[in-house]
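1. Build me a model:
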Amino acid sequence: MGLALFVNAVWEQVETTSLFHRHFRRLLTRPYTTLRNLANTPDDFAHHLRRTAAAIIMRISYGHEVSDQGDIYVTLADEAMQGLGMAGIFGSFLVDYLPFLKYVPAYMPGANFKLRERMANGTAIPCFAQKELEKLQKGANPDPDYETTIKNVAGISYAGQTVSTLLSFVLAMLVHPEVLKRAQKELDDVLAMERLPTFADRSDLPYIDCIVWECLRWNPVLPMGVARLVSSDDEYNGYFIPNGTSVLPNVWAILHDANVYPDPLIFSPERFLDQARNEDLGINKLPWPAFGFGRRICPGRWLAYESVWFSIACILSVYSIERAIDENGLEIVPEVVYTASLLSRPKPFKCRFIPRSERADQLIKGTAS
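-> The predicted structure follows:
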């Protein structure tokens, strides 16, 4: 019920009000915009990317506007996700698998008095939690646990993979500058450095799509997926799996199967360019398993994909992502090393975001208007 609840509510906002598109554009044009901050404080690039992702999901889930000067709710959510990352490692605790929703704090903005106060005085921003709480107040759902379901669904929506995928993107550009140059040529051919990209340009920017797919495949955010319990006795390749057994889907192995993804350890967006040929050969399938599968597939996968696509297109259109320089004036080649937890992301690394030209700098500054 929770997954369907979130999908229906978010899809309603995306399609009928264009909330996602309008809010994403507004994020990139407010005073402390992500694009401008990337140049001003490149050492904090992970923070800027995280804040953009947080602002989108907080707005859609809770109607909460993330503060530019630091936001207590984003801090709380990040701490909760750290707990989720560790609790989700199978064997970390005596129980087979901790219910990870307990790591979503009850005092998230959608679960406390502030949203209810805004609803009462008519100032609540349309969002998932507000819509569902209104239905509950009208008696549309008699389930006594429905409010808990609303809180849990809204809370876990923050555990998306947008930030980790964007960090993988930045790391990949540092390790594979040839990919960056090809993507920027495609962007220049379409935009001519006259404006920032929009979703209307997507059909003309197929290589950006390929970069997104490869970032999802190259180092998946959930390399071991989410644990399941077998609901009945089963058998696989001669192995008996009794009812109640905990099983882990090896997403990493799925997305690094050399029979499906030739040279799987190589970051190569080109592998996804010719999907007709790929289908004939049975290779390079779009890596949807990065979002899970079955009933547990990520309900926000389309939102996550569009978010990453738009961020990558905007960043590459105006910035050259370059390696940091050490005290001797030499480039620092980052290592491709990832954290070992339920949620995998690159370990901290440094880089530089340099405006590609004077015109690019004007476009960046123009986001304030």
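2. which stretches of the stretch 251-369 of the chain form helices?
-> Under the criterion DSSP state H, counting those that start in this stretch, the stretch 251-369 of the chain contains helices at 251-255, 275-281, 301-318, 358-366.
3. C-alpha coordinates for the longest one, PDB please?
-> Looking back up the chat, that one is helix 301-318. Presented in PDB, the C-alpha positions along helix 301-318 are these (Å, rounded to 0.1, in the frame of the first residue of the first chain):
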ATOM      1  CA  ARG A 301      12.600   5.800 -10.000                       C
ATOM      2  CA  TRP A 302      11.200   8.200 -12.800                       C
ATOM      3  CA  LEU A 303      11.600  11.200 -10.500                       C
ATOM      4  CA  ALA A 304      15.100  10.100  -9.600                       C
ATOM      5  CA  TYR A 305      16.100   9.600 -13.200                       C
ATOM      6  CA  GLU A 306      14.700  12.900 -14.400                       C
ATOM      7  CA  SER A 307      16.400  14.700 -11.500                       C
ATOM      8  CA  VAL A 308      19.800  13.200 -12.300                       C
ATOM      9  CA  TRP A 309      19.400  13.900 -16.000                       C
ATOM     10  CA  PHE A 310      18.500  17.500 -15.500                       C
ATOM     11  CA  SER A 311      21.300  18.100 -13.000                       C
ATOM     12  CA  ILE A 312      23.900  16.500 -15.300                       C
ATOM     13  CA  ALA A 313      22.800  18.400 -18.400                       C
ATOM     14  CA  CYS A 314      22.800  21.700 -16.600                       C
ATOM     15  CA  ILE A 315      26.200  21.200 -14.900                       C
ATOM     16  CA  LEU A 316      27.900  20.000 -18.100                       C
ATOM     17  CA  SER A 317      26.500  22.800 -20.200                       C
ATOM     18  CA  VAL A 318      28.400  25.500 -18.200                       C
END
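4. circling back: for R352, find the nearest of the helices of the stretch 251-369 of the chain.
-> helix 301-318 (12.8 Å; Cβ to Cβ). Every C-beta, even on glycine, is put in place using the N, C-alpha and C of the backbone.
5. For the closest one, buried residues please.
-> By 16 or more other Cβ atoms under 10 Å, the buried positions in helix 301-318 come out as 301, 303-318.
6. Work out the gap between stretch 39-59 and the centre of the chain.
-> 12 Å (Cα atoms, centre = their mean, to the nearest Å).
7. Kindly apply the preceding question to stretch 292-306 instead.
-> Counting by Cα atoms, centre = their mean, stretch 292-306 comes out at 10 Å from the chain centroid.
8. Compute the first-to-last residue distance for that stretch.
-> From its first residue to its last, stretch 292-306 covers 17 Å (Cα to Cα, to the nearest Å).
9. now do stretch 128-145
-> So stretch 128-145: terminal residues 17 Å apart, Cα to Cα.
10. residue ranges with poor pLDDT in the stretch 101-250 of the chain?
-> 101-116, 124, 140-142, 151-161 (pLDDT under 70).
11. thinking again about what came up before, kindly reformat the helices of the stretch 251-369 of the chain as TSV containing distance to E186 and mean pLDDT.
-> Output for the helices of the stretch 251-369 of the chain, formatted as TSV (distance: least, Cβ to Cβ, whole Å; pLDDT from 0 to 100):
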stretch	distance to E186	mean pLDDT
helix 251-255	25	96
helix 275-281	17	96
helix 301-318	9	90
helix 358-366	16	90
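12. who wins for proximity to F291 among those helices?
-> Here helix 301-318 is closest among the helices of the stretch 251-369 of the chain (Cβ to Cβ), at 4.1 Å.
13. contacting residues around A253?
-> The contact partners of A253, by Cβ atoms under 8 Å, 6 or more residues apart in numbering, come to none.
14. Residues in contact with stretch 256-268: which ones?
-> 172, 175-176, 179, 214, 217-218, 255, 271, 282-285.
15. what do you get if the cut-off is 7 Å, keeping everything else the same?
-> 172, 175-176, 214, 217-218, 255, 271, 283-285 (Cβ atoms under 7 Å, 6 or more residues apart in numbering).
16. Strands of the stretch 101-250 of the chain, residue ranges please.
-> 228-229, 234-236, 239-241, 246-247 (DSSP state E, counting those that start in this stretch).
17. still on that earlier bit, make CSV out of the helices of the stretch 251-369 of the chain and add distance to G292.
-> CSV is the format used below for those (distance: least, Cβ to Cβ, whole Å):
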stretch, distance to G292
helix 251-255, 8
helix 275-281, 22
helix 301-318, 8
helix 358-366, 36
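18. Ok, which of the ones you listed comes nearest D204?
-> With Cβ to Cβ as the yardstick, what comes closest out of the helices of the stretch 251-369 of the chain is helix 301-318 (10.7 Å).
19. so what does that closest one touch, helix or strand wise?
-> For helix 301-318, the packing partners by 3 or more Cβ pairs under 7 Å, 6 or more residues apart in numbering; DSSP states H and E come out as helix 45-62, helix 162-175, helix 177-191, helix 206-218, helix 358-366.
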